[in-house]
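J.: sequence? don't have it. structure:
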């Protein structure tokens, strides 16, 4: 391996051609060693950037009727400075998230000539006539994904369109081209920049004089495109620099979990290296994975040059070097002590933030940086009483818990008064607060908004494994006349305005039709909330694309039952009923456990179950959404009522809708909904006659005992049709049925 001591040859390029010959698999590697005390070794990667700010679709300026569009104005110095700032933000992002080991040094050159995008029309106006075609024009209006063409920038003659390798004394391994192509919008009478994604070619051609290249247009988020696309070049560089192992790489920034799926034709679709982790999207993906690299891995990057900088206190944070994206002087930390706050290393303090600038949005309409930048001398940045070095969320003063609560989804926030806040922000004239809660049936949230907001977007991750794990739910609120809510069909949501304040409540089910499933407390929920203003600026409740994970706390005691319980079903209200000597309800049996028993002179008979094995007395032929099943009975234990879906072949106490009193040897009373137990009550069976009722109403399931509601749970899927109702005997419960009543609503 080609080594050279950090600083022995300052700024010497580490650019070496692959060694081939008898062993074509062999090539040189680069290792930059650690600097001497009081210094720090960095890898500087110069990147040549060509900006073309004045590219115009000339054809769009000439209407079919002969009308000529208002001539465009060249991009101003202030606007160009804004673009330079975007690249500086991206450089700082990479610098911080690499532990200040990798310095992406964007070297910006500008071709400010008027350039043409597309063909020149035959009737071109004098102002537009004769412009050179832009080197970024690919022969079509938009070539995906970056919008244009790739060329090779000659730093000695950047105005020359070039597709051949160029000679440079110190060859660049990386390049970016950005054309700010504009077209005339006849409706708005404005010149609009083309938007685009980005395209990147790797560094494979470097031995032949061809750098890694990225290309994109100017109408989107420049800082993000620079970060995302250049990161692809970093990934390509890492394939040259690191071993060919899953843990030795700069991770591909299109996240996907590891999978292996056999197609019907026998071929296999597989992703063998995981690229998804416990992170949010976009900026957060890059920050998360780049932080997994060690110092040794960063210092093995093959491209760029080794640079030493001053670090007198050896905290890993350069002291005062204006060339760099960040130093201690600009961070307001001390270069004389590694712990300015008296507790925490200064580099670690800076890395409490990802330094992501903002949610993805148009550069020229972007608000100031959204990341929470730590204050170097403050040992408790969020002021919550926990020092930053022990605080699980040192930048957010919110306890990371989802609190026990059963919320009624009606848009009224009164019941949330005592629930602590999980997020709050006042930016862009908008105030946003977020609260969250849960019970055994589901997850609840309250978002309160005031000010000139246009849209609120909630991304909620219920598996604790990141937004690419498959457990993501999204909800959106549009601030229109009707407060439009976009949500999954199985979610509940209600929004209400109170003057200038909008309160939005929602719930997502626990299991059932939703994506999430859990039982009891302990599950983590990650939240990412962004709000858009009326002028289309986007603000994030937390750092951009960061997930605030909160753990569901186990409730203590018993939640009170909500209002709206059904009444006990009387015989007059019943659709049909069964009595030993008559009635209108036809019944059937499964198994052999049930038999007729007589009382007294034999005129009073009932049904009795004997033995341990389950068997049912049931009625079928129903097609009900709402129902009541009531019985008068006696039992030593295990009084069980059930309702079953048409697709359920074998009815038993583990299927569909079940209510049981005195189960598990007369110790437990619960609902069991599609195999999941919900609710709990202290009621137990005692000698003598009792009544019991299983009811389904308005998205809820209820159980009544002796005329009083004792159990409640949200219905996992209130759209399901019920076709059978039954009473389950067994478990040596000696169940005796004296009367059955049902009510069913088609």
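T.: That came in fine, so what should we check first? Given the structure is predicted, the values throughout are model-derived calculations rather than measurements.
J.: From here on, just use CA atoms for contacts and neighbour counts.
T.: Will do.
J.: tell me the mean pLDDT for the strand or helix carrying residue 438?
T.: Taking DSSP states H and E as the definition, one finds residue 438 inside strand 430-439. In this model, strand 430-439 carries a mean pLDDT of 96.
J.: Strand partners (parallel or antiparallel) of that strand?
T.: Here strand 430-439 has these sheet partners by DSSP bridges: strand 401-404 (parallel), strand 423-427 (antiparallel), strand 442-450 (antiparallel).
J.: could I get those as JSON lines with distance to residue 327, mean pLDDT and mean neighbour count?
T.: JSON lines is the format used below for the strands paired with strand 430-439 (distance: least, CA to CA, whole Å; pLDDT from 0 to 100; neighbours: other CA atoms under 10 Å):
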{"stretch": "strand 401-404", "distance to residue 327": "36", "mean pLDDT": "96", "mean neighbour count": "24"}
{"stretch": "strand 423-427", "distance to residue 327": "28", "mean pLDDT": "96", "mean neighbour count": "17"}
{"stretch": "strand 442-450", "distance to residue 327": "38", "mean pLDDT": "95", "mean neighbour count": "23"}
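J.: all helices of this protein, in order?
T.: 77-97, 222-241, 283-290, 295-298, 328-331, 346-350, 663-666 (DSSP state H).
J.: export the ones you listed to JSON lines and tack on mean pLDDT and mean neighbour count?
T.: As requested, the helices of the chain are exported to JSON lines (pLDDT from 0 to 100; neighbours: other CA atoms under 10 Å):
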{"stretch": "helix 77-97", "mean pLDDT": "98", "mean neighbour count": "19"}
{"stretch": "helix 222-241", "mean pLDDT": "95", "mean neighbour count": "23"}
{"stretch": "helix 283-290", "mean pLDDT": "98", "mean neighbour count": "22"}
{"stretch": "helix 295-298", "mean pLDDT": "94", "mean neighbour count": "18"}
{"stretch": "helix 328-331", "mean pLDDT": "98", "mean neighbour count": "17"}
{"stretch": "helix 346-350", "mean pLDDT": "98", "mean neighbour count": "23"}
{"stretch": "helix 663-666", "mean pLDDT": "95", "mean neighbour count": "16"}
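J.: Residue 588: which of those is closest?
T.: Smallest distance to residue 588 across those (CA to CA): 23.8 Å, for helix 663-666.
J.: now what about that closest one, what contacts it?
T.: For helix 663-666, contacts defined as CA atoms under 8 Å, 6 or more residues apart in numbering pick out 636-639, 669, 684-685.
J.: Now compare those residues and name the two farthest from each other.
T.: Pairwise distances across the contacts of helix 663-666 (CA to CA) peak at 13.6 Å, for the pair 636 and 669.
J.: neighbour-wise, which of those two wins?
T.: It is residue 669, of residue 636 and residue 669, that has more neighbours when counted by other CA atoms under 10 Å, with 27 against 20.
J.: Double-check that one against residue 680; I have them as touching.
T.: Yes - counting by CA atoms under 8 Å, residue 669 touches residue 680, with 5.7 Å between them.
J.: so can I have CSV of the helices of the chain showing distance to residue 674?
T.: Rendered in CSV, the data for the helices of the chain read as follows (distance: least, CA to CA, whole Å):
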stretch, distance to residue 674
helix 77-97, 46
helix 222-241, 44
helix 283-290, 37
helix 295-298, 50
helix 328-331, 56
helix 346-350, 48
helix 663-666, 17
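J.: who's in contact with residue 331?
T.: So residue 331 contacts 350, 375-376 (CA under 8 Å, 6+ apart).
J.: And those, which is closest to residue 605?
T.: Nearest to residue 605 out of the contacts of residue 331 is residue 350 (CA to CA; 80.8 Å).
J.: Given the longest strand along the chain, what are its sheet partners and their directions?
T.: Determined from DSSP state E, the single longest strand within the chain is strand 39-56. Its sheet considered, strand 39-56 pairs with strand 102-110 (parallel), strand 115-116 (parallel), strand 174-185 (parallel), strand 305-310 (antiparallel) by DSSP bridges.
J.: give me every residue that touches residue 729.
T.: Applying CA under 8 Å, 6+ apart to residue 729 gives the contacts 593-594, 609-610, 613-616, 638-640, 735.
J.: wait, I meant residue 201
T.: Applying CA under 8 Å, 6+ apart, one finds that residue 201 lies in contact with 212-214, 233.
J.: Might one say that residue 644 is in contact with residue 723?
T.: Yes - using CA under 8 Å, residue 644 makes contact with residue 723 at a distance of 6.3 Å.
J.: Looking at these two, which one has more neighbours?
T.: When residue 644 and residue 723 are compared for neighbours, residue 644 comes out ahead with 23 against 19, by other CA under 10 Å.
J.: and the strands paired with strand 39-56 as CSV, adding distance to residue 289?
T.: Listed next are those as CSV, based on distance: least, CA to CA, whole Å:
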stretch, distance to residue 289
strand 102-110, 14
strand 115-116, 39
strand 174-185, 21
strand 305-310, 23
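J.: Among those strands, which comes closest to residue 450?
T.: When the strands paired with strand 39-56 are compared by CA to CA, strand 174-185 sits nearest residue 450, at 33.6 Å.
J.: Need the contact partners of the closest one.
T.: Contacts of strand 174-185 (CA under 8 Å, 6+ apart): 45-58, 60-61, 69, 117, 136, 150, 152-153, 190-194, 203, 211-219, 230, 233.
J.: Just the buried ones out of these, please.
T.: 45-58, 60-61, 69, 117, 136, 150, 152-153, 191, 193-194, 203, 211-219, 230, 233 (16 or more other CA atoms under 10 Å).
J.: Tell me the bridge partners for residue 695.
T.: Per DSSP bridges, the residues bridged to residue 695 are residue 628, residue 702.
J.: What is the burial count for it?
T.: Counted with other CA under 10 Å, residue 695 comes out at 28.
J.: Kindly report the same for the one 4 residues further on.
T.: As a burial measure, residue 699 scores 14 neighbours (other CA under 10 Å).
J.: Once you drop chain neighbours, what's closest to residue 614?
T.: residue 730 (4.5 Å; CA to CA, 6 or more residues apart in numbering).
J.: So for that neighbour, what's the pLDDT?
T.: Per-residue pLDDT puts residue 730 at 95.
J.: Okay, it and residue 608: tell me how far apart.
T.: 10 Å (CA to CA, to the nearest Å).
J.: need the contacts of residue 331 in CSV with distance to residue 660, can you?
T.: Putting those into CSV (distance: CA to CA, whole Å) gives the following:
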residue, distance to residue 660
350, 57
375, 58
376, 59
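J.: Quick check, central residue of the protein?
T.: The chain has residue 467 as the residue nearest its centroid, 3.6 Å off, counting by CA atoms, centre = their mean.
J.: That one and residue 473 touch, don't they?
T.: No - at 9.2 Å, residue 467 does not count as touching residue 473 under the criterion of CA under 8 Å.
J.: Quick check: neighbours shared by the two?
T.: Shared contacts of residue 467 and residue 473 (CA under 8 Å, 6+ apart): residue 461.
J.: So, low pLDDT: which residues of the stretch 601-746 of the chain?
T.: For the stretch 601-746 of the chain, the stretches with pLDDT under 70 are 601-604.
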